[in-house]
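Trainee: test case, fold it:
(4 chains)
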Protein chains: 2
Amino acid sequence: MIEALKEHYGSLFETELLEEIAEVGIFKEVPEGHKFIEIGEYVRSMPLLLSGAIKVLREDNDGDELLLYFLERGDTCAMTMTCCMGQTKSEIRAIAELDTQLIMIPVQKMEEWTGKYRSWRNFVFESYHDRFNELLHTIDSIAFFNMDERLLKYLQNKVKITQEDLLNTTHQEIAYELHTSRVVISRLLKKLENLGKIELHRNSIKVNSL
Amino acid sequence: MIEALKEHYGSLFETELLEEIAEVGIFKEVPEGHKFIEIGEYVRSMPLLLSGAIKVLREDNDGDELLLYFLERGDTCAMTMTCCMGQTKSEIRAIAELDTQLIMIPVQKMEEWTGKYRSWRNFVFESYHDRFNELLHTIDSIAFFNMDERLLKYLQNKVKITQEDLLNTTHQEIAYELHTSRVVISRLLKKLENLGKIELHRNSIKVNSL
DNA sequence: ATAAAGAAGTAACTATTGTTACAGAGAAGT
DNA sequence: ACTTCTCTGTAACAATAGTTACTTCTTTAT
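Mentor: Numbering: from 1, shown residues only, chains lettered A, B, ... in the order given. Got it, this is the predicted structure:
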């Protein structure tokens, strides 16, 4: 574990902190598709991502979803932190987008380290800042762009996260994450295909890089 | 200043920290309508609100706006903090919604206090958490609700912030903040009036409490 | 092999939101 | 009083997104 930690967090944290993390942190592998934070749940530890990706979702009153953003290696869930410390319930759902390796930090340590290590404080603050900015960009997408542009952005972002330009997904799945209907997505995907931006197959979409 | 501080922050901070704040903080009065953070600007200090309200806005590529949320007394701008510390530019615009009194904290002190005072750390984390949740609710409004519901929420929120059920505003102003057009707002306001939820006057809207 | 379930394509229609255009009412300035 | 400007109301139309319904094709299950 200490090697993986050094690889992804070595430039951020001093050796002493890395050792503490290795000592108290619990290594965890989360398989793709596994839900690991649910809305309304109390959260008792904070994840440090080593590999893979986590998607963070919001839910409406009818139980339908909206993708907020992805967490990648080197990221943490800022939301989780204050949930832990403030003893409030989670406002979001987190699901593994890929097979993901992470280290869970117990809540007491997080608090301790914010007093003890400047590098940890900076990491936590920066993490908040990053997540905040991601939410702002999510708002931009929803408020300022039409569904066709949101869809294209979504596909391109998915390519970035999965490191694959062939996305294994269905129209229905995309519709869930963009909070719209399957028919709308099929229609717009066809439009994007006609524009040469993507190629449609059953259960997969090839995103053209140009 | 120390009295105002004690009134709004006395239950949060220990006396020693309150004294430090009073020592290095710069008291400022911002008149209604005054812009005090602009997008792309570097921010060098962090505001603690004593009275009044600040509206926080996002801008699209055409220069049109969208209201994100309001800050009130006891609040701080979490965004500002990491902007200061990370030396990044502001992603948002902040304008005084009412005449506002606040204390500006220089960036060096903020950093120092996060190491020194547990109460300050908790305040900062909680502030991030609150702002994050407000953004989530903003996303809910935009993504999950139609414009008529967003409009009603907007009006009710404005009543809460201003403590007035007679809002002095124009349809055009509302349209800016909800990122739509004046005609749409006029249409929906008329609908709300017919439902008995509001009364329309020139330059003002009475929001019925029932 | 046949049935059933899942995925995608598409047409037709509705609802919501955005746009253009114009008219009237009231306020402010000359 | 008269002009000008701002604010509001409304009609007519366009664009975007959501819904229902049905078809075809593929995969999976029996």
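
Trainee: same for the lowest-mean-pLDDT helix or strand in chain A, what does it pack against?
Mentor: Between all helices and strands in chain A, the lowest mean by mean pLDDT, DSSP states H and E belongs to helix A:78-86, at a mean of 78. Using 3 or more Cβ pairs under 8 Å, 6 or more residues apart in numbering or on different chains; DSSP states H and E, the elements in contact with helix A:78-86 are strand A:45-51, helix A:107-116, helix A:118-144, helix B:118-144. Yep, even glycine has a C-beta here, placed from its N, CA and C like the rest.

Trainee: columns mean neighbour count, distance to B:Lys55 and mean pLDDT on top of those, output as TSV?
Mentor: Shown next, in TSV, are the helices and strands packed on helix A:78-86 (neighbours: other Cβ atoms under 10 Å in any protein chain shown; distance: least, Cβ to Cβ, whole Å; pLDDT from 0 to 100):
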stretch	mean neighbour count	distance to B:Lys55	mean pLDDT
strand A:45-51	21	32	94
helix A:107-116	17	31	89
helix A:118-144	19	15	93
helix B:118-144	19	12	93
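
Trainee: any idea how far stretch A:5-21 is from the chain center?
Mentor: Chain-centre distance of stretch A:5-21: 22 Å, with Cα atoms, centre = their mean, to the nearest Å.

Trainee: related to what we said a few turns ago, and of the helices and strands packed on helix A:78-86, who's closest to DNA strand C?
Mentor: Closest of the helices and strands packed on helix A:78-86 to DNA strand C is helix A:118-144, at 8.7 Å (criterion: Cβ to the nearest atom of the strand).

Trainee: do that closest one and DNA strand C come into contact?
Mentor: No. With Cβ under 7 Å from any atom of the strand as the criterion, DNA strand C is not reached by helix A:118-144; the gap is at least 8.7 Å.

Trainee: next one: that helix to chain centre, how far?
Mentor: 12 Å.

Trainee: likewise stretch A:95-108?
Mentor: Worked out by Cα atoms, centre = their mean, stretch A:95-108 lies 11 Å from the chain centre.

Trainee: repeat for stretch A:106-118
Mentor: Stretch A:106-118 has its C-alpha centroid displaced from the chain centroid by 23 Å (Cα atoms, centre = their mean).

Trainee: against chain B, how distant is the residue most central in space within chain A?
Mentor: In chain A, the C-alpha nearest the mean C-alpha coordinate belongs to A:Phe70, at 2.3 Å (Cα atoms, centre = their mean). According to Cβ to the nearest Cβ, to the nearest Å, A:Phe70 stands 16 Å off from chain B.

Trainee: pLDDT at that residue, what is it?
Mentor: The score at A:Phe70 is 97. That number is its pLDDT.

Trainee: A:Thr138 contacts B:Ile139, doesn't it?
Mentor: Yes. Under the criterion of Cβ atoms under 8 Å, A:Thr138 makes contact with B:Ile139 at 6.5 Å.

Trainee: what do the two both touch?
Mentor: Contact criterion Cβ atoms under 8 Å, 6 or more residues apart in numbering or on different chains; residues shared by A:Thr138 and B:Ile139: A:Leu68.

Trainee: and for A:Glu19, the neighbour number?
Mentor: Around A:Glu19 there are 13 other residues, counting by other Cβ atoms under 10 Å in any protein chain shown.

Trainee: whoops, A:Asp60 was the one
Mentor: There are 13 residues near A:Asp60, going by other Cβ under 10 Å.

Trainee: do A:Asn194 as well
Mentor: If you count neighbours by other Cβ under 10 Å, A:Asn194 ends up with 9.

Trainee: that one and A:Asp148: what is the separation?
Mentor: Counting by Cβ to Cβ, to the nearest Å, the separation of A:Asn194 from A:Asp148 is 12 Å.

Trainee: and the pLDDT for A:Phe13?
Mentor: pLDDT recorded at A:Phe13 is 95.

Trainee: got phi/psi on it?
Mentor: When read as degrees, to the nearest 10, the backbone of A:Phe13 gives phi -110, psi 150.

Trainee: correct me, but it touches A:Asn122?
Mentor: No. Judged on Cβ under 8 Å, A:Phe13 makes no contact with A:Asn122 at a distance of 9.7 Å.

Trainee: can you list the strands that the helix or strand A:Phe70 falls within pairs with?
Mentor: Using DSSP states H and E, A:Phe70 maps to strand A:65-72. Paired neighbours of strand A:65-72 in the sheet (DSSP bridges): strand A:53-59 (antiparallel).

Trainee: in the strand it pairs with, what counts as buried?
Mentor: For strand A:53-59, the buried set under the neighbour-count rule, 16 or more other Cβ atoms under 10 Å in any protein chain shown, comprises A:Ala53, A:Ile54, A:Lys55, A:Val56, A:Leu57, A:Arg58, A:Glu59.

Trainee: and which of the residues you listed is nearest to chain B?
Mentor: A:Arg58 (6.3 Å; Cβ to the nearest Cβ).

Trainee: quick one, what contacts that closest one?
Mentor: Residues near A:Arg58 by Cβ under 8 Å, 6+ apart: A:Glu65, A:Leu66, A:Leu68, A:Glu91, A:Ile92, A:Arg93, B:Leu136, B:Ile139, B:Asp140, B:Ala143.

Trainee: the second one touches A:Leu178, doesn't it?
Mentor: Yes. Counting by Cβ under 8 Å, A:Leu66 sits close enough to A:Leu178 to count as a contact (7.4 Å).

Trainee: chain B contacts on chain A?
Mentor: Contact residues (Cβ under 8 Å from any Cβ of the partner chain) of chain A with chain B: A:58, A:60-61, A:66, A:68, A:78-79, A:81-83, A:85-86, A:88, A:91-92, A:114-115, A:118, A:121-122, A:125-126, A:128-129, A:131-133, A:135-136, A:138-140, A:142-144, A:179.
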